[in-house]
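J.: Next input, structure requested:
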Amino acid sequence: MLAAAASADDVPPVLSLKGSYLGILKTDGKIADLRLTVDLAGDTPEKTHVWAIIGSSVRRQRTNEGYWIPWDGNPETLIDNHLSVTNGMLVFKVVDEDIAADNYGITINVGYRTPAGLKYGMYGLVPKEPTP
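T.: Residues are numbered from 1 along each chain as shown. Next up, the predicted model:
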């Protein structure tokens, strides 16, 4: 769910241990403030995470300070973003910058850890088709 474009009728998605599909955003690369809101469905997160796969192989994770750094792909090495729960929801801040240089298709992942494991969802950022 793109928070900036959400309406009152939108229902935030629920993340799962197998991964949840969260949608696709076509963009020219200029993103003012991309946030993804998820419903915890009663879960109490132990840690929260944001990570991305750029193209087919470049892996990055978002630090709690908002920096994107290299990531080895191991879920156990994901950095805790220390997000706060509000009314049973988590709002993941993803990006607020021009990603045009990196936008060869980016899979954004947001997730949180519970005693049962890592619950997560995937969101696609793809280049907008140029206007003829």
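
J.: Show me the beta-bridge partners of the nearest residue in space to Leu15 that is not next to it in sequence.
T.: Using Cβ to Cβ, 6 or more residues apart in numbering and skipping the chain neighbours, the partner closest in space to Leu15 is Lys119 (4.0 Å). Heads up, the C-betas are built off the backbone N, CA and C, glycines and all. Beta-bridge pairing for Lys119 (DSSP bridges): Tyr112.

J.: Report the contact partners of the closest residue to Ile24 other than its chain neighbours.
T.: Using Cβ to Cβ, 6+ apart and skipping residues adjacent in sequence, the residue nearest Ile24 is Gly124, 4.1 Å away. Contact analysis of Gly124 by Cβ atoms under 8 Å, 6 or more residues apart in numbering lists Gly23, Ile24, Leu25, Gly105, Ile106, Thr107, Ile108.

J.: now Pro45
T.: Applying Cβ under 8 Å, 6+ apart as the definition, the contact partners of Pro45 turn out to be Leu83, Val85, Leu90, Tyr112, Arg113, Thr114.

J.: Thank you, goodbye.
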